[in-house]
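*Asks:* give me a 3D structure for the following:
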Amino acid sequence: MNRIVPMILAVALFMEQMDSTVISTSLPAIAHDIGVGPITLKLALTSYMVALAIFIPLSGWMADRFGAKRIFRAAMLVFIAGSVFCAVADSLVAFVLSRFLQGMGGAMMTPVARLVLVRGTPRSELVSAMALLTIPALVGPLAGPPLGGFITTYFSWHWIFLINVPVGIAGYVLSGIYLPEMERQNPPPVDILGFLLGGIAASGIVFGLSVISLPALPPAIGIASVAAGIAATFLYIFHARRHPAPVLDLKLFRDSAFRAASIGGTVFRISVGAVPFLMPLMLQIGFGLNPFQSGLITFIGAVGAITTKFFARRVLAFAGFRTTLIIAAVIAAGMTFINGFFTPATPYLVMLTILLIAGFARSFFFTGVNALSFADIEDADASKATSMSAVLQQISLALGVAVAGAILEIQTAIGGGPLALDDFHIAFMIIAVANLLAAIPFLTMAKNAGASVSGHRKALREAEATAGK
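*Replies:* Sure, this is the predicted structure:
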C-alpha cells in the first residue's frame, strides 16, 4: 500500500480523536457565549460519545454494502458539516445536536479507516501501517486540551471547529485520489433489531458512565442509563446467538488472537482513558499550573507515541506479539504507578522522562494489539472485526474516565474536603493495577501467535521446522 494512504487515514482519525477532547478546556468560554453553565454544556461531550457508540456497529455493514472508500469520504463530509454547525451554534440544543452530527461522522471514520488499512495492506506490512494509525488515538486526547486552551485564549473557541474544515477538505480530496477502491461485498440485510439493541447497549453504557464521571445531570440518570445498557447487552447476546448475520458478530471471539487482543486491549484502555483525565487535573489542582502549562507537560507522551512507529515493526519481529504486549503492559503499569509519587517538588525533567517512557509503552501496546486483532481474521470478516473493536474501544475509554472520576469522588467523600494531591496519587496507583491486569490475557497465548503479521523470526523458524517433520 502506498505510504500516503496510512497518513491520510491517520490525519482523519487524529481530527476525530482530538475533537472528542478539544473542547474540554474551552467549555467556560463556549458556555458563556451561548448562555448556559459550563457543567450543563458537558452534555456536548456526552452527545459526541453517544453518537460514536450508536453508529459504530453499523459502520462495518455500510462499508461492505456501499464500499469502504465511499463511506469513509462521506463520513468526512458529515464530520466537516458537524464542525461548521458547532462553530455557528448559538444555543445549547443547537450545539449538542451539532456535536452529535460530528460524532456520526466520527463513528464511520474510525472503524472504516481501519478496515481500509486491513484490506489494502499485506499482512507482513500490517504492523508498520497500524503503528501510523495508532498515533492519533494516543496523540489526539493529549493534544486536544492544550490546543483547545491555546485557541480559546489567544483566538476564539469557534476556530476549534473551523480548523477542521480545511483539514477535512484536504483529506476528502486526497482520499479520493489515493485511497484504493475496495470491492463491495454482498452482505445480508442489515440486522435492524441487533442495531437497535446494540445501539441502546453501547450508548446506554457510554452515556451513563459519562454522566456519572462528568455530572451534567443527576448521577441517578447515569446509573439508570448504565443499567439499561447492561440489560440491552444481555438481550443482544441472546439475539446475536440466534441471528444468522448479527450487526456485531460474537463469533469473532472464537479466534484466540482476536479474543486476547479484545480483552487485553479493553482493560488497558480503561487505564489509558483515565490518565488524560487525571493528569491535567492533578497538575492544575495539586500543582497550581494553568491548563496550557499542564497540557504542555502531558504532551510529552505524544512524542513517545510518534517515535514508536519507527521501531514497532523491528521490536515485534524480534520479540513477537506475546512478549511485546506483556512487557509493554508491565512498563506502562509501572510508569502509571510512579505518577502517584509526583509532587510540586518533583523535577520537571523526571516527570517528563516518566511520561515519555509511558508514551512509548502505551504506543507499543496499542500498535501490537491493533495488529494482533486482525492477524488471523479473514478479509470477509474484517468489517465485523473493525466494528467490534471500535465499540469496545469507546466503552473502555468512557469506563476509564468514569472509574477515575469515581475514585476521586470516593476520596473526597472519605476525606470530607476538596480534592487534594493525595487523592490523585491513590487514583493513579489504582489505575496502574488495571493497567497491569491487561497483560493476563496474553500469558496463555502461544508464542507464535500472529507470527505471519509480526514477522517474529524465531516463531516462524519453529513453525517451518515443525511443518518439515
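*Asks:* and D90, what are its phi and psi?
*Replies:* The phi and psi values for D90, taken as degrees, to the nearest 10, are phi -120, psi 10.
*Asks:* tell me how many other residues surround it.
*Replies:* A count of nearby residues for D90, using other CB atoms under 10 Å, gives 9. (Each C-beta comes from the backbone N, C-alpha and C, glycine too.)
*Asks:* so the spatially closest residue to it that is not a sequence neighbour versus F364, what's the distance?
*Replies:* Closest residue to D90 apart from its sequence neighbours, by CB to CB, 6 or more residues apart in numbering: I34 at 6.0 Å. The spacing between I34 and F364, counted by CB to CB, to the nearest Å, is 42 Å.
*Asks:* give me the more crowded residue out of these two.
*Replies:* F364 (27 against 15).
*Asks:* please give the element, helix or strand, for the residue nearest to that one when sequence neighbours are not counted.
*Replies:* Excluding the flanking residues, the one nearest F364 by CB to CB, 6+ apart is A328, at 4.3 Å. Following DSSP states H and E, one finds A328 within helix 312-339.
*Asks:* in that helix, what counts as buried?
*Replies:* Residues 312-313, 315-317, 319-329, 331-339 are the ones in helix 312-339 that count as buried (16 or more other CB atoms under 10 Å).
*Asks:* helices or strands next to the following helix or strand past it in the packing?
*Replies:* Per DSSP H and E, the first helix or strand lying C-terminal to helix 312-339 is helix 348-373. If contacts are counted by 3 or more CB pairs under 8 Å, 6 or more residues apart in numbering; DSSP states H and E, helix 348-373 sits against helix 126-154, helix 256-281, helix 291-298, helix 300-308, helix 312-339, helix 382-415, helix 451-454.
*Asks:* in TSV, list those helices along with mean pLDDT and distance to L174.
*Replies:* Below are these laid out as TSV (pLDDT from 0 to 100; distance: least, CB to CB, whole Å):
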stretch	mean pLDDT	distance to L174
helix 126-154	70	15
helix 256-281	85	29
helix 291-298	74	29
helix 300-308	73	21
helix 312-339	89	24
helix 382-415	79	21
helix 451-454	74	27
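*Asks:* give me the number of residues near T233?
*Replies:* Neighbours of T233 using other CB under 10 Å come to 18.
*Asks:* ok, it - contacts?
*Replies:* Contacts here follow CB atoms under 8 Å, 6 or more residues apart in numbering; on that basis T233 touches 201, 205.
*Asks:* SS state for it?
*Replies:* Following DSSP: H, G, I helix; E, B strand; the rest coil, T233 is assigned to helix.
*Asks:* can you check P418 too?
*Replies:* coil.
*Asks:* tell me the pLDDT at it?
*Replies:* P418 is assigned a pLDDT of 78 by the prediction.
*Asks:* with adjacent residues omitted, what lies nearest to it?
*Replies:* T412 (6.8 Å).
*Asks:* that neighbour reaches D423, doesn't it?
*Replies:* Yes. Using CB atoms under 8 Å, T412 is in contact with D423, at 6.6 Å.
*Asks:* so which of those two has more stuff around it?
*Replies:* Using other CB under 10 Å, the more surrounded residue of T412 and D423 is D423, with 23 against 14.
*Asks:* gap between the more buried one and F287?
*Replies:* D423 is 14 Å from F287, by CB to CB.
*Asks:* wait, the residue nearest to F364 touches R362, no?
*Replies:* Yes. Using CB under 8 Å, A328 is in contact with R362, at 7.5 Å.
*Asks:* just to revisit the earlier point, between the helices and strands packed on helix 348-373, which gets nearest to R184?
*Replies:* Closest to R184 of those, according to CB to CB: helix 382-415, at 11.1 Å.
*Asks:* flag every buried residue along the closest one.
*Replies:* If you call a residue buried by 16+ other CB under 10 Å, then helix 382-415 has these buried ones: 382-405, 407-409, 411.
*Asks:* show me how far that helix is from its chain's centre.
*Replies:* Mean-position distance between helix 382-415 and its chain equals 10 Å (CA atoms, centre = their mean, to the nearest Å).
*Asks:* got it, and stretch 115-135?
*Replies:* Distance, stretch centre to chain centre, for stretch 115-135: 17 Å (CA atoms, centre = their mean).
*Asks:* let the chain start at 183 from now.
*Replies:* Happy to do that; since the first residue is 183 now, the last one works out to stretch 297-317.
*Asks:* buried residues of the helix or strand where F196 lies, list them for me.
*Replies:* Using DSSP H and E, F196 sits in helix 186-201. Neighbour counts over helix 186-201 (16+ other CB under 10 Å) mark 187-188, 190-201 as buried.
*Asks:* surely L223 meets V275?
*Replies:* No. Under the criterion of CB under 8 Å, L223 is not in contact with V275, lying 11.6 Å apart.
*Asks:* neighbour count winner among these two?
*Replies:* Per other CB under 10 Å, whichever of L223 and V275 has more neighbours is L223, with 22 against 10.
*Asks:* show me what contacts the more buried one?
*Replies:* 209, 212-213, 216, 274, 277, 398.
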